[in-house]
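> I'll drop the sequence and a predicted model, then ask my questions.
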Amino acid sequence: MSLQLPPLTAMRVFEAAARLSSFTKAAAELGMTQAAVSYQIKLLEERVGAPLFLRKPRQVVLTETGLRLAPKVSEAFGLLRDAYASARAGSDSALCISTMLTFASNWLARHIGSFQLRHPGIAVRLDTSSDLVDFARQDVDVAIRSGEGKWPGLVSHLLFRNEYTPMLNPRLADSIGGIREPADLLKLRVLDPTDPWWRRWFALANVPADSLEGRPDTNMGSQAYEANAAIAGQGVAILTRAFFTTDLAEGRLIQPFDLMGYDGQGYWLVYPESRRNAPNIRAFRNWILAELGCTEA
């Protein structure tokens, strides 16, 4: 059987009293009463089986046993302090972001360079997955989630609303003489016609959605993939506009109508409440909210 370790509190009290040669000063440093310090020392002496201090009127003096123990205890606490400082520095100098593929590829990857220029000491790692991260079990600092922003124990900051609209390659639109009204979209291949966004958007546009029935299901599992297919002229996709502003600006995609759908959800920055003030999280939070023009800080 391995030797049982003494109580850490008692060892901490002993280290302070040995260093300061005073129970009173140790109590003041540790925020304890003198009686509590005396109790912890007595407890440790009982575990050791020998006195550790000679009690004198205005000070305490280490016994021979105490003199043998004190340097090792001081060294041990020094190692603990160094290990803690190293772990904290390592944690604060790295940032793991869990995010969905589309957000990672169509927004974060195009902007993260400015964060790294502003914070060169923070190493960024992306973990792309559609699964909800478990902060208690996974080595992740922050996450970007889609939803209503209500996750117990997490702080949530709205980045943008989940507004969607049809988009397509301009040459594909020209191939049918242009897109003049929403019903014209039905002349083309619709990417993922089972997506409920399509029915909602056509309902807003006063177009019967039953014309989507019977079309082949081409679910690609991600807006990023559907957008690439649309850019390649393979069909019309319904996409979150905020992810594709660059493609729209550079003419790879067009948005034929200003009409936007909204499903009541949004994209959120989330992290544990307990880590709100971690330097790496605070730096990323301030940067991304400013980058997206959010009023929250």
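Here it is on my side, so go on. Given the structure is predicted, the values throughout are model-derived calculations rather than measurements. Numbering: from 1, shown residues only.
> per-residue pLDDT of the spatially closest residue to residue 103 that is not a sequence neighbour, please?
Here the nearest residue to residue 103 in space, its sequence neighbours aside, is residue 144; by Cβ to Cβ, 6 or more residues apart in numbering that works out to 5.1 Å. Glycine gets a C-beta too; all of them are placed from N, C-alpha and C. At residue 144, the model reports a pLDDT of 94.
> in terms of helices and strands, where is residue 144?
strand 142-147 (DSSP states H and E).
> buried residues in that strand?
142-146 (16 or more other Cβ atoms under 10 Å).
> export these to a markdown table and append columns for distance to residue 242.
Putting the buried residues of strand 142-147 into a markdown table (distance: Cβ to Cβ, whole Å) gives the following:
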| residue | distance to residue 242 |
| --- | --- |
| 142 | 19 |
| 143 | 18 |
| 144 | 12 |
| 145 | 15 |
| 146 | 12 |
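> does residue 105 touch residue 225 like I think?
No - in this structure residue 105 lies outside contact range of residue 225 using Cβ atoms under 8 Å: 9.7 Å.
> more neighbours: those two, which one.
Set residue 105 next to residue 225 and count neighbours by other Cβ atoms under 10 Å: residue 105 wins out with 20 against 17.
> in terms of pLDDT, where does that one sit?
88.
> please enumerate the strands of the stretch 1-150 of the chain.
Per DSSP state E, counting those that start in this stretch, the stretch 1-150 of the chain carries strands over the ranges 53-55, 60-62, 94-99, 123-128, 142-147.
> take these and write them to a markdown table, including distance to residue 243.
Putting those into a markdown table (distance: least, Cβ to Cβ, whole Å) gives the following:
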| stretch | distance to residue 243 |
| --- | --- |
| strand 53-55 | 68 |
| strand 60-62 | 67 |
| strand 94-99 | 12 |
| strand 123-128 | 14 |
| strand 142-147 | 11 |
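> which one of those strands lies closest to residue 234?
Residue 234 lies closest to strand 123-128 among those, at 23.2 Å (Cβ to Cβ).
> tell me the mean pLDDT over the helix or strand that contains residue 197?
Assigned by DSSP H and E, residue 197 belongs to helix 196-204. On average, the pLDDT along helix 196-204 is 93.
> can you point out the buried residues in that helix?
197-202.
> quick one, domains of the chain?
8-91, 93-159+265-291, 163-263 (automatic domain parsing).
> could you list the low-pLDDT ranges of the protein?
In the predicted model, the chain carries pLDDT under 70 at residues 1-3, 82-92, 216, 295-297.
> at 50 instead, please
1, 297 (pLDDT under 50).
> longest strand anywhere in it?
Scanning the chain for the strand with the most residues, using DSSP state E, yields strand 154-167.
> can you give me the offset of it from its chain's centre?
Relative to the centre of its chain, strand 154-167 is centred 16 Å away, using Cα atoms, centre = their mean, to the nearest Å.
> and the following helix or strand past that strand, how far from the chain's centre?
Once the chain leaves strand 154-167, the next helix or strand it forms, by DSSP H and E, is helix 170-174. Distance of helix 170-174 from the chain centroid (Cα atoms, centre = their mean) equals 40 Å.
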